[in-house]
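Engineer: after the sequence you'll find the predicted model.
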2 protein chains.
Amino acid sequence: MHSCNCIGMVFVPAFPVIGSDVANIALAMLIVFGAAKLLAEFFEQIGQPGIVGEILAGVVIGPGVLGWVRPDEFLGALAELGVIFLLFRVGLDVKASELMRVGKTALLVAVAGVLVPFLAGWGIMTARGVSSIEAIFVGSAMVATSIGITARVLSAMGLLGHRASQAILAAAVIDDVLGLLILAVVSSVARGHVNILQLSLTAVLAIGFTALVAHFGTQAMGRIVPGIQARFRGGEVQFNLALVLLFAMSYLATRAGVAAIIGAFLAGMALSETVERRVHELTHGVSELLVPFFLVGIGLNLKPSVFGSTETILLALLILVAAVLSKFLACGVGALSLGRADALRVGAGMIPRGEVGMVVAQIGLGLGVVSQQVYGVVVFMAIATTLVAPPLIRIAYRGLSAAPQSAARAGDAI
Amino acid sequence: MHSCNCIGMVFVPAFPVIGSDVANIALAMLIVFGAAKLLAEFFEQIGQPGIVGEILAGVVIGPGVLGWVRPDEFLGALAELGVIFLLFRVGLDVKASELMRVGKTALLVAVAGVLVPFLAGWGIMTARGVSSIEAIFVGSAMVATSIGITARVLSAMGLLGHRASQAILAAAVIDDVLGLLILAVVSSVARGHVNILQLSLTAVLAIGFTALVAHFGTQAMGRIVPGIQARFRGGEVQFNLALVLLFAMSYLATRAGVAAIIGAFLAGMALSETVERRVHELTHGVSELLVPFFLVGIGLNLKPSVFGSTETILLALLILVAAVLSKFLACGVGALSLGRADALRVGAGMIPRGEVGMVVAQIGLGLGVVSQQVYGVVVFMAIATTLVAPPLIRIAYRGLSAAPQSAARAGDAI
């Protein structure tokens, strides 16, 4: 039916209900969501985190194995919305004041967790004799923690309020700001023109935005939300207001140079002391639908055929081990002031890389300074760390999870 | 960042979090959702239905006026998901057994509401001297009621359970099946090859699917859901199961030849006596987010500049009046067995046309049997009926709405 798009108008109705496109939307939703929940259930049955099953579902239905689904713009957008809602929901459960209390430790964790993985990746590639710029790109791709996975696991265990979890969240926010700055520097270097003024501006904007919202967001919302609620006559005023703030902050975050998910997290945190329980419930419904698209999206991007040679496999495994150990040890040491048990938890929680690593690799590939082989290795590293982390996080938090978990099952899990 | 899509792999990561695409997603969500809720609130403040404000928001931000947003695949897909979730939520509030009770009246309402508007549209165009095939297309475009709008209004008023509302819902389901059959016939005629066997097969499949699910769905779910729930270990089993059924039925409906939203409605109805309150809440969160995209999407497709000449404006108004009156009178008379007050309600509730009318016009345009002018007129008719209907529905239900509405405000409104 879309063959008649030739009608020469700007506003071709893109959304009529009958037609092949619609069948495809329902079918895509069915396959992605159904496969995610089926494999999640399978993993739960064998005592493993369901989240690993959802990522693997993406590998299975993706181009690498069954080829039923390939990443497209629609699924990509749902994945993006999924991780935005995931971080928003996590933010709703976090109080800014409590996060500030672990601020110093978090800063230490973030800085150590950026430097050591960078040096590890750079060192390995330099030892293999690649160009220095390619080594720098691999190092940079190993820097940024992807908080989505850890947040999903901790939330499902009902342990977001734990001190170690708070340290992880705060460190991940700082980590993202640092990762962004490194990305900006590396891109400039690769393009051959380093603009110190622009880089400084980026740094100030990113740090300023994050610090301002984290500091004053809660107060501001405490004043604004009740006023609007009293005056508005429509239904679900708080939820609608929360969604508007969520989208606005996600957008502003990207304008300030940080990831959209940081804005989403900050929006949630700013609202956490103001909104009613009902907003949590309704947000939960949305994230329950959309988060699987984020997780499946990770798996969809893994294409096993990249690993044709033994050499590539060995390099990929080496980089993976380096990525896991460097983050785990550096962040663990950074968090030692919280005691050994919490240090282990923080170390494990910071392991997952994700989208940012893939973006760095993609830019390097686009600029022609990263080879196809190394690109595949970095994407593998980013995905494999997200698969390795959930069991490690569960082990690190063992003993704490029993009681809250059943409560979480009854309703509070993301 | 998407300029580096040239990397010659199937699985270009379409969803990394940093980059312009993401900023655009958050921005698009902010503009569409924010504008919808702002205008909805304005309309509520002046005592009009918020839904009209949401549709007008689409006109205002769309290509016709401000030009901030234009319909694209992503927004189209969200609109589609929005109306699917809307009808699913409506289905969840409807019991199949109660719907069956108004079955005979509904059949009469549907048949009358298909014949009379068809004749009205065909008659007007024939009187103007256009080709008989163009007249048939306009008539066909005036046939199918779009239940989304009426469902949204009745649900917000808390009056879905009323007998007139049940008759509207049942009639709309039958109406959709009839509309589909007419669409199939007309398309065949326009293409010049009428395949009786194929048309009969379409009819049998569409009617069979709808009747089977309406009849046996509730029983089947009553057996299947508790069994799965007892065996599964993951969180939110019922909600996940409901979503899988929703997508499966929406897809199967399109395969059987009816609209996806009919499948969504039937899925909801099949689950209505089985699932817990929590599934309603979580679904409500999703529909609260997505339904505005459906409503704004309607408005986005209205391009005022089509109406350049007085002649076109007059024709558009004539067709609009004919569309409103023919549906209102025919369905009202068809529902007279429910008494005069309910007959008025049914007549008003069946007025909105929507996507199906636009699809018919689009096919006609694509086949070259409908002119640009008539295409614009039909799109205008489809949109304008959705704007006219909500106030009429509220007037028809006046007196009944007071008590349930405040309850609805407290939580139950879609």
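Structural biologist: Happy to help now that I have it.
Engineer: and for the residue nearest to A:Phe293 when sequence neighbours are not counted, the neighbour number?
Structural biologist: With CB to CB, 6 or more residues apart in numbering or on different chains as the criterion, A:Phe293 has its nearest non-adjacent residue at 4.0 Å, and that residue is A:Leu78. Placement of C-beta: from N, CA and C, glycine included. Neighbour count for A:Leu78, taken as other CB atoms under 10 Å in any protein chain shown: 27.
Engineer: cool, and A:Ile351?
Structural biologist: Using other CB under 10 Å, A:Ile351 has 26 neighbouring residues.
Engineer: residues in contact with it?
Structural biologist: Neighbouring residues of A:Ile351 by CB atoms under 8 Å, 6 or more residues apart in numbering or on different chains: A:145, A:150, A:323-324, A:327-328, A:385, A:388-389, A:392.
Engineer: please, a PyMOL command that selects the buried ones among these?
Structural biologist: Under the burial definition 16 or more other CB atoms under 10 Å in any protein chain shown, those of these that qualify are selected in PyMOL by:
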select buried, chain A and resi 145+150+323+324+327+328+385+388+389+392
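Engineer: so the residue nearest to A:Phe293 touches A:Leu290, yeah?
Structural biologist: Yes: at 6.1 Å, A:Leu78 and A:Leu290 qualify as touching, with contact defined as CB atoms under 8 Å.
Engineer: what does A:Ile228 show for phi and psi?
Structural biologist: Phi and psi for A:Ile228, reported as degrees, to the nearest 10, are phi -60, psi -40.
Engineer: which ones are touching it?
Structural biologist: So A:Ile228 contacts A:237, A:241 (CB under 8 Å, 6+ apart).
Engineer: same check, this time on A:Val186
Structural biologist: Counted by CB under 8 Å, 6+ apart, A:Val186 has contacts A:136-137, A:140, A:360.
Engineer: sorry, back to before: what about the residue nearest to A:Phe293, helix or strand, and which?
Structural biologist: Using DSSP states H and E, A:Leu78 falls within helix A:73-92.
Engineer: and the angle for that helix with helix B:73-92?
Structural biologist: 70 degrees (axes from the mean of the first three to the mean of the last three CA atoms, to 10 degrees).
Engineer: give me the buried positions along the helix or strand following helix A:73-92.
Structural biologist: Going down the chain from helix A:73-92, the next helix or strand is helix A:96-101, by DSSP H and E. Burial within helix A:96-101, assessed by neighbour count using 16+ other CB under 10 Å, is assigned to A:96, A:99.
Engineer: which secondary structure elements does helix A:96-101 contact?
Structural biologist: helix A:163-191, helix A:196-231, helix A:260-271 (3 or more CB pairs under 8 Å, 6 or more residues apart in numbering or on different chains; DSSP states H and E).
Engineer: so for the second one, what gets flagged as buried?
Structural biologist: Using 16+ other CB under 10 Å as the burial criterion, the residues of helix A:196-231 that qualify are A:202-203, A:206-207, A:209-210, A:213-214, A:217-218, A:221, A:225.
Engineer: what's the angle from it to helix A:73-92?
Structural biologist: Angle between the axes of helix A:196-231 and helix A:73-92 is 70 degrees (criterion: the same axes, to 10 degrees).
Engineer: same thing with the shortest one?
Structural biologist: Computed with the same axes, to 10 degrees, the direction of helix A:260-271 lies at 30 degrees from that of helix A:73-92.
Engineer: what average pLDDT does the following helix or strand past helix A:260-271 get?
Structural biologist: Of the helices and strands lying after helix A:260-271 in sequence (DSSP H and E), the nearest is helix A:277-300. Summarised as a single mean, pLDDT over helix A:277-300 is 91.
Engineer: helices or strands up against the next helix or strand after helix A:277-300?
Structural biologist: Counting by DSSP H and E, the next helix or strand C-terminal to helix A:277-300 is helix A:310-334. When contacts are defined as 3+ CB pairs under 8 Å, 6+ apart, helix A:310-334 packs onto helix A:103-127, helix A:340-349, helix A:372-396.
Engineer: what comes up buried for the shortest one?
Structural biologist: Within helix A:340-349, the residues that qualify as buried are A:342-349, counting by 16+ other CB under 10 Å.
Engineer: what of stretch A:372-381?
Structural biologist: Result for stretch A:372-381 [16+ other CB under 10 Å]: buried residues A:373-381.
Engineer: outside of stretch A:213-220, which residues touch it?
Structural biologist: Residues contacting stretch A:213-220 (CB under 8 Å, 6+ apart): A:95-97, A:99-100, A:173, A:249, A:263, A:266-267, A:269-270, A:272-274.
Engineer: A:Ile363 is in contact with A:Ser187, isn't it?
Structural biologist: Yes: if you go by CB under 8 Å, A:Ile363 and A:Ser187 touch, sitting 5.9 Å apart.
Engineer: okay, these two: which has more neighbours?
Structural biologist: More crowded of A:Ile363 and A:Ser187, by other CB under 10 Å: A:Ile363, with 24 against 18.
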